[in-house]
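>>> Predicted model and sequence below, questions to follow.
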Amino acid sequence: MILFLSCIAFRNNLCLSSIPSTLKSLPLDGHFTFDEVHFAAKDFGNRYQFLPAAILHPKSVSDIANTIKHIWQMGSHSELTVAARGHGHALQGQSQAHRGVVISMESLQGPEMQVYTGNSPYVDVSGGELWINILHESLKYGLTPKSWTDYLHLTVGGTLSNAGVSGQAFQHGPQISNVNQLEVVTGKGDVVTCSEKHNSDLFHSVLGGLGQFGIITRARISLEPAPDMVKWIRVLYSDFATFARDQEHLISLGRTFDYIEGFVIINRTGLLNNWRSSFNPQDPIQASHFKSDGRTLFCLELAKYFNQDKSDVVHQEIEHMLSQLGYITSTLFLSEVTYVEFLDRVHVSEVKLRSKGLWEVPHPWLNLFIPRSKINNFADEVFGNILTETSNGPVLIYPVNKSKWDNRTSAITPEEDTFYLVAFLTSAVPSSTGTDGLEHILTQNKRILEYCEKAHLGVKQYLPHYTTQEEWQAHFGPRWEIFVQRKSAYDPLAVLAPGQRIFKKAI
Ligand code: FAD
């Protein structure tokens, strides 16, 4: 028996020590690095650091396929796993691979983005492409993707592995509802093109699939005609129920506004709390600077797209729609910005925070999907009892229509027709032990989650993070079985995205 165990240890050690050389022998268009791997052990969350054994900088899809096939063929003799790293904006090590291979997806820039301008226009892009680049490219043809995230310096593969939700989602659904086709490298190293019609199970598995079923190497994103300009509006409420009622009313009307979000103002002071509120500086009064005098206020944020020649007509339409809402009438903030300025608004704040050393701090974010019927209970408890002094960063809150989500994808949402995204986008001040420190914020997050659990709100985490399979099982609920089946079909050795900690590679 002892002999047997030591053989296994020997075999594993042998495999471990020979990993770099077996990878080195692979024929590649790109290359591996084995020494300078620290950057792949870091992400936006700034809390988890797992060193990989190697980083692949692929130049072609076959670089990715050959690497994964090689690892697949080594089977359980190797502990190597593979994580795609988009822009590394995950929060808890999801794009990291401890002693595994991280694929730097941004190296896979080619072939060039291709915009198709006929009926039902689209753009074909690499899985490592940043959304900001897709915006600029499609605008050259007068076109634009329909559904966004609030921040565009994220990769296509990264957001499609989650969902991609922003203020356009009530109308168009999340980004995963606006993809026509994908090219995917599975956990066996097979390169497969999939869509609604072809290999549809893989297509739906990968969308919202947390990187578990394959690496997205290309995506075909649906486009629409782009506007030039945006009327950007903020109005304030002191009563949550009225705020939520108006949001729900607006999303039920179809295309009244093009973007509907909202955020909570809790003792709003300081740069960190304002970081996503970069409003046009020419604006006479800025909603984000509104003195809340210790009260909690709720800001409805709206945008209406338009072309220069239609400015007056659009203005009248907006006035008409706003007249139906119950906000505090003296708190109407309206500015006009270009479409690009509007969509890339968070980047302005990023530049500001970076210059002050406040970007690369721990981000203990908590993102929740809350059923509509429970949102008032949630707001009462969280904004009335738990988060009363400060929010340590923006708190977003807005409803979306479930009918715009495809329930064949892997994304998990609450059961009701309408649910809210509530995002606590907190930043912790490094080494602070006060209310702006990591420990305090994590305790607050825990209190929020414990309340949701105890009150049976039917909440689902977005960008979820769990450490045990039981928790993942509870997250997926009745969809766990299909998730497991899909895993065994497309990544049976559990090679992919180990940083999600859903499955563990058997060795
Ligand atoms: P990574 O963090 O590198 O990867 C995330 C996961 O996807 C990992 O498991 C990784 O292995 C996997 N993955 C990456 N690329 C691929 C690929 N090509 N194929 C398969 N799997 C892959 N999200 C929203 O929905 N709405 C928002 O408004 C929004 N705003 C944000 C603002 C900021 C400032 C930040 C930092 C994040 C925001 N996010 C938002 C979250 C964002 O969607 C996630 O961080 C997501 O992980 C995208 O980041 P990334 O491209 O850097 O991917």
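That came in fine, so what should we check first? Numbers count the residues shown, from 1 in each chain.

>>> quick one, helices of the stretch 351-500 of the chain?
In the stretch 351-500 of the chain, helices defined by DSSP state H, counting those that start in this stretch lie at 375-381, 438-454, 469-476, 480-490, listed in chain order.

>>> Could you do the stretch 201-350 of the chain as well?
For the stretch 201-350 of the chain, the helices defined by DSSP H, counting those that start in this stretch cover 240-252, 270-273, 311-322, 339-343, 345-355.

>>> What of the stretch 1-150 of the chain?
Remark: helices assigned in the stretch 1-150 of the chain by DSSP H, counting those that start in this stretch are 2-24, 61-74, 131-139.

>>> near the ligand, anything from stretch 66-76?
No. Figure legend: stretch 66-76 not in contact with the ligand (CB under 6 Å from any ligand atom); closest approach 11.6 Å. For every residue, glycine as well, the C-beta is placed using N, CA and C.

>>> Now tell me what touches that stretch from outside.
With contacts defined as CB atoms under 8 Å, 6 or more residues apart in numbering, stretch 66-76 is touched by 15, 22-23, 26-28, 56, 58, 78, 80-82, 101, 103, 185-190, 215, 493, 495, 505-507.

>>> How about stretch 245-258?
168, 170-171, 227, 230, 237, 260, 262, 300, 302-305, 321, 324-327, 372, 398-401, 418.

>>> follow-up on the earlier one: ok, of the contacts of stretch 66-76, which come out buried?
For those, a burial check counting by 16 or more other CB atoms under 10 Å picks out 15, 23, 28, 56, 58, 78, 80-82, 101, 103, 185-189, 215, 493, 495, 505.

>>> Take those and keep only those in strands.
Counted as lying in strands by DSSP state E, out of the buried ones among the contacts of stretch 66-76, are 56, 82, 101, 103, 185-186, 215.

>>> related to what we said a few turns ago, quick one, which of the helices of the stretch 351-500 of the chain is nearest to the ligand?
Taking CB to the nearest ligand atom, helix 480-490 is the member of the helices of the stretch 351-500 of the chain nearest to the ligand, at 11.5 Å.

>>> Could you check the angle the closest one makes with helix 469-476?
Helix 480-490 and helix 469-476 are oriented at 110 degrees to each other (axes from the mean of the first three to the mean of the last three CA atoms, to 10 degrees).

>>> quick check, helix 480-490 touching the ligand?
No. Using CB under 6 Å from any ligand atom, helix 480-490 never reaches the ligand; the gap is at least 11.5 Å.

>>> can you list contacts of that helix?
Applying CB under 8 Å, 6+ apart, the external contacts of helix 480-490 come out as 186-188, 201-202, 205, 209, 212-214, 410, 472-473, 476, 494, 503.

>>> most surrounded residue in those?
Highest neighbour count within those: residue 214, with 31 neighbours (other CB atoms under 10 Å).

>>> any idea how far the nearest residue to that residue once chain neighbours are set aside lies from residue 215?
Excluding its sequence neighbours, the residue lying closest to residue 214 (CB to CB, 6 or more residues apart in numbering) is residue 184, at 3.7 Å. For residue 184, the distance to residue 215 equals 7 Å [CB to CB, to the nearest Å].

>>> can you count the residues close to the closest residue to the ligand within the stretch 401-507 of the chain?
At 4.3 Å from the ligand, residue 497 is the closest residue in the stretch 401-507 of the chain, using CB to the nearest ligand atom. Using other CB under 10 Å, residue 497 has 28 neighbouring residues.

>>> quick one: contacts for it?
Here residue 497 is in contact with 82-84, 94-95, 161, 210-212 (CB under 8 Å, 6+ apart).

>>> switch to 6 Å and redo it
83, 211-212 (CB atoms under 6 Å, 6 or more residues apart in numbering).

>>> tell me which parts of the protein are close to the ligand?
Counting by CB under 6 Å from any ligand atom, the positions of the chain adjacent to the ligand are 44, 83-90, 94-95, 105, 127, 149-151, 154-155, 157-159, 161-166, 210-211, 215-216, 346, 463, 497, 499-500.

>>> that older thread, just name the closest of the ones in strands among the buried ones among the contacts of stretch 66-76 to the ligand, please.
Among those, residue 215 lies closest to the ligand (CB to the nearest ligand atom), at 4.3 Å.

>>> Would you confirm that that closest one contacts residue 185?
Yes. Look at residue 215 against residue 185 with CB atoms under 6 Å: they come within range, at 4.6 Å.

>>> Spell out which residues are contacts of both of the two.
Here residue 215 and residue 185 have residue 64 as joint contacts, going by CB under 6 Å, 6+ apart.

>>> related to what we said a few turns ago, the contacts of stretch 245-258 in strands, which ones?
Reading strands off the contacts of stretch 245-258 with DSSP E, I get 230, 237, 260, 262, 300, 302-305, 398-401, 418.

>>> Show me where this structure dips below the pLDDT cut-off.
Scanning the chain for pLDDT under 70 picks out 1-18, 20, 267-294.

>>> Let's see that with 80 instead.
Counting by pLDDT under 80, the chain contains low-confidence residues at 1-21, 76, 109-111, 255, 267-295, 390-391, 506-507.

>>> Pop the domain breakdown of it in here.
If you go by automatic domain parsing, the domain ranges for the chain are 2-107+489-500, 114-225, 229-462.

>>> from these, which stretch is densest packed?
Per-stretch averages of neighbours, counted by mean count of other CB atoms under 10 Å, single out domain 114-225 among the domains of the chain, with a mean of 21.

>>> Show me how far that domain is from its chain's centre.
13 Å (CA atoms, centre = their mean, to the nearest Å).

>>> Contacts only, for residue 235.
Per CB under 6 Å, 6+ apart, neighbours of residue 235: 300, 327, 331-332.

>>> so what's the backbone phi/psi at the residue nearest to it when sequence neighbours are not counted?
Once flanking residues are discounted, residue 235 sits nearest to residue 327: 3.7 Å by CB to CB, 6+ apart. Main-chain dihedrals, residue 327, degrees, to the nearest 10: phi -80, psi 170.

>>> circling back: these two touch, right, the residue nearest to residue 214 and residue 193?
No. In this structure, residue 184 is not within contact of residue 193 by CB under 6 Å, at 7.9 Å.

>>> hang on, the earlier thing: let me know the closest of the contacts of residue 235 to the ligand.
Closest approach to the ligand among those (CB to the nearest ligand atom): residue 300, at 17.1 Å.

>>> now the residue nearest to residue 214: how far from residue 339?
Taking CB to CB, one finds residue 184 at 31 Å from residue 339.
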